[in-house]
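Colleague: one predicted model, sequence on top.
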Amino acid sequence: MLVAAAVCPCPPLLVPQVAAGAAPELDAARAACADALGVLAAARPDLLVVIGPDDPGTGTDTAGTDTRWYAQGAPGTFRGFGVDVDVRLGSPAAESGVERSPALPASLAVGAWLLEHTGWSDAPIEGLSVREPIPAERCIEVGRAVAARAARVALLVMADASACRTLKAPGYLDERAEPFDTAVAHALATADTATLKTLDPTLAHTLKAAGRPAWQVLAGAGEAASLAASLLYEAAPYGVGYLVATWS
């Protein structure tokens, strides 16, 4: 059963070494993420699942699935962004099969970095990536299954909102982006699973809102949980919507 969730953005720029001289611009976002992870720790979960979008262009794995699991201790790296920074998804567990786990996609690597820098050691960890195109119904189904993996499950949901908030945004300016992000922010601030479930995958894709599948997994996991929610951060630096929220 879901007992807590933290929603954080997943740009590699959250890692100061990647952001370099621009690192202070996301200090407030990093601080909000640290506060959100504190809520997860306070919930004392039996299992933490870190969820985020897979890297673009990965397709499906050999089993033909639209999700991929990562063992505790799975490795990730930011070397592709020009910095010598490696991470792991928690400390490798005994008999975890980490040697067979694929490398973390960027979203989960950012999640692993956040966990390392908040000193997470409270519960076993697993990672789950979700891949486009994945329909809303499938995301909700996955979320329900994730919530049933332990008696007390917490989620760290790594998810960016639209990338079309300004003329210089990665997706250029789209007037629909700000209303879309505002609706998502309100849903996260109120634990409104119904709104998250009905997010339009086509519109989200057009607005480059990579977090849509992960938010809908959260909606499936939290539909019966009756959790209180709080929005800790809402901004659009670089024209990309970043949201931090907690459910507990």
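Modeller: Thanks, I have it.
Colleague: for Thr246, see how far away Leu188 is.
Modeller: 9 Å (Cβ to Cβ, to the nearest Å). (C-beta placed from N, C-alpha, C; glycine too.)
Colleague: find the residues that touch each one of those two.
Modeller: Val7, Ala229 (Cβ atoms under 8 Å, 6 or more residues apart in numbering).
Colleague: quick check on the one residue sitting closest to the centre of the chain: phi, psi?
Modeller: With distances taken as Cα atoms, centre = their mean, the residue of the chain nearest its centroid is Met158 (1.1 Å). In terms of degrees, to the nearest 10, the main-chain angles of Met158 are phi -100, psi 110.
Colleague: quick one, helices of the protein?
Modeller: Secondary structure of the chain (DSSP state H): helices located at 16-19, 27-42, 106-116, 136-147, 177-190, 193-197, 201-206, 212-222.
Colleague: ok, how many other residues are close to the nearest residue to Ala6 once chain neighbours are set aside?
Modeller: Closest residue to Ala6 apart from its sequence neighbours, by Cβ to Cβ, 6 or more residues apart in numbering: Ala36 at 3.7 Å. When neighbours are counted by other Cβ atoms under 10 Å, Ala36 registers 26.
Colleague: for Ala36, give me its contacts.
Modeller: Ala6, Val7, Cys8, Leu232, Val244, Ala245, Thr246.
Colleague: sorry, back to before: will you turn the helices of the chain into TSV that also has distance to Val87 and mean pLDDT?
Modeller: Shown next, in TSV, are those (distance: least, Cβ to Cβ, whole Å; pLDDT from 0 to 100):
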stretch	distance to Val87	mean pLDDT
helix 16-19	11	96
helix 27-42	15	97
helix 106-116	4	97
helix 136-147	22	98
helix 177-190	25	98
helix 193-197	28	98
helix 201-206	27	98
helix 212-222	19	98
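Colleague: I'd like the ones you listed as CSV, with distance to Pro75 appended.
Modeller: Listed next are the helices of the chain as CSV, based on distance: least, Cβ to Cβ, whole Å:
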stretch, distance to Pro75
helix 16-19, 17
helix 27-42, 20
helix 106-116, 9
helix 136-147, 22
helix 177-190, 30
helix 193-197, 31
helix 201-206, 29
helix 212-222, 21
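Colleague: closest to Val153 out of these?
Modeller: helix 136-147 (5.5 Å; Cβ to Cβ).
Colleague: list the helices and strands the closest one packs on?
Modeller: Helix 136-147 sits against strand 125-130, strand 153-158, helix 212-222, with contacts defined as 3 or more Cβ pairs under 8 Å, 6 or more residues apart in numbering; DSSP states H and E.
Colleague: can I get the second one in PDB? Just the C-alpha atoms.
Modeller: In this case it means strand 153-158. Written as PDB, here are the backbone C-alpha positions of strand 153-158 (Å, rounded to 0.1, in the frame of the first residue of the first chain):
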ATOM      1  CA  VAL A 153       5.400   1.400  -0.200                       C
ATOM      2  CA  ALA A 154       6.900   4.900  -0.800                       C
ATOM      3  CA  LEU A 155       7.500   6.300  -4.300                       C
ATOM      4  CA  LEU A 156      10.100   8.800  -5.500                       C
ATOM      5  CA  VAL A 157       8.500  10.000  -8.700                       C
ATOM      6  CA  MET A 158      11.100  11.700 -11.000                       C
END
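Colleague: and the angle for it with strand 125-130?
Modeller: Taking axes from the mean of the first three to the mean of the last three Cα atoms, to 10 degrees, one finds strand 153-158 and strand 125-130 inclined to each other by 50 degrees.
Colleague: contacts for strand 153-158?
Modeller: For strand 153-158, contacts defined as Cβ under 8 Å, 6+ apart pick out 1-10, 37, 40, 43, 45-53, 107-108, 110-111, 114-115, 123, 146-147, 211, 214-215, 217-218, 221.
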